[in-house]
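*Asks:* Kindly generate the corresponding structure for this input.
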Amino acid sequence: MRGHAGTKDVPEFPQIEDELGYNPARWLHTRSESGLDTGPGQTPELATAMSIVKGIDDPEELAYWFKVEKRCRDRDHVIRKLEQRRRAIKYGHDGFVKERDGQ
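*Replies:* Down below sits the predicted model:
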């Protein structure tokens, strides 16, 4: 199982958890709607989520993260990061790849 965050008030996705062995909502369901804390930067949960996403190499696993984000918060900046990871996987890169970097 990937790292662990608190489970209080985290939406359940039993089918996804059965497939992956963990629930991405643990990290994507942050305590603020924007994903940003009251100060600069990300919440610890979202920062952890992006670290986990950065290490995903399986497009199917990443697709589950898209589904969970869409259902939990549907934040544009998180969807953009997931898209950047999707491009990185497609082009065999590590980390995140912006659209212009992908070729």
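
*Asks:* contacts and neighbour counts: CA atoms only from here.
*Replies:* Noted.

*Asks:* Work out for me the element the closest residue to residue 45 other than its chain neighbours sits within.
*Replies:* When the adjacent residues along the chain are set aside, residue 45 lies closest to residue 27, with 4.8 Å between them (C-alpha to C-alpha, 6 or more residues apart in numbering). Under the criterion of DSSP states H and E, residue 27 resides in helix 25-28.

*Asks:* elements contacting that helix?
*Replies:* Packing partners of helix 25-28 (3 or more C-alpha pairs under 8 Å, 6 or more residues apart in numbering; DSSP states H and E): helix 44-54, helix 59-72.

*Asks:* May I ask which helix or strand of this structure has the lowest mean pLDDT?
*Replies:* helix 44-54 (a mean of 89; mean pLDDT, DSSP states H and E).

*Asks:* pLDDT below threshold where in this structure?
*Replies:* Across the chain, the ranges flagged by pLDDT under 70 are 1-8, 31-42, 100-103.

*Asks:* what helices or strands is the host helix or strand of residue 88 leaning on?
*Replies:* Secondary structure from DSSP H and E places residue 88 in helix 76-90. Judged by 3+ C-alpha pairs under 8 Å, 6+ apart, the packing partners of helix 76-90 are helix 44-54, helix 59-72.

*Asks:* Can you check what angle separates the first one from helix 59-72?
*Replies:* In this case it means helix 44-54. Between helix 44-54 and helix 59-72, the angle comes out at 150 degrees (axes from the mean of the first three to the mean of the last three C-alpha atoms, to 10 degrees).

*Asks:* Can you give me the buried ones in helix 44-54?
*Replies:* Neighbour-count burial for helix 44-54 flags 45, 46, 47, 48, 49, 50, 53, 54 (criterion: 16 or more other C-alpha atoms under 10 Å).

*Asks:* same thing with the last one?
*Replies:* Of the residues in helix 59-72, those with enough neighbours to count as buried (16+ other C-alpha under 10 Å) are 62, 64, 65, 66, 68, 69, 72.

*Asks:* May I have that helix as CSV, with CA atoms only?
*Replies:* Presented in CSV, the C-alpha positions along helix 59-72 are these (Å, rounded to 0.1, in the frame of the first residue of the first chain):
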residue,chain,number,x,y,z
PRO,A,59,-1.8,4.7,-16.9
GLU,A,60,-4.6,2.6,-15.4
GLU,A,61,-3.6,3.5,-11.9
LEU,A,62,-3.4,7.1,-12.9
ALA,A,63,-6.9,6.9,-14.4
TYR,A,64,-8.3,6.0,-11.0
TRP,A,65,-6.7,9.2,-9.5
PHE,A,66,-8.5,11.2,-12.2
LYS,A,67,-11.8,9.6,-11.2
VAL,A,68,-11.3,10.2,-7.5
GLU,A,69,-10.2,13.8,-8.0
LYS,A,70,-13.2,14.5,-10.2
ARG,A,71,-15.5,13.1,-7.6
CYS,A,72,-13.8,14.6,-4.5
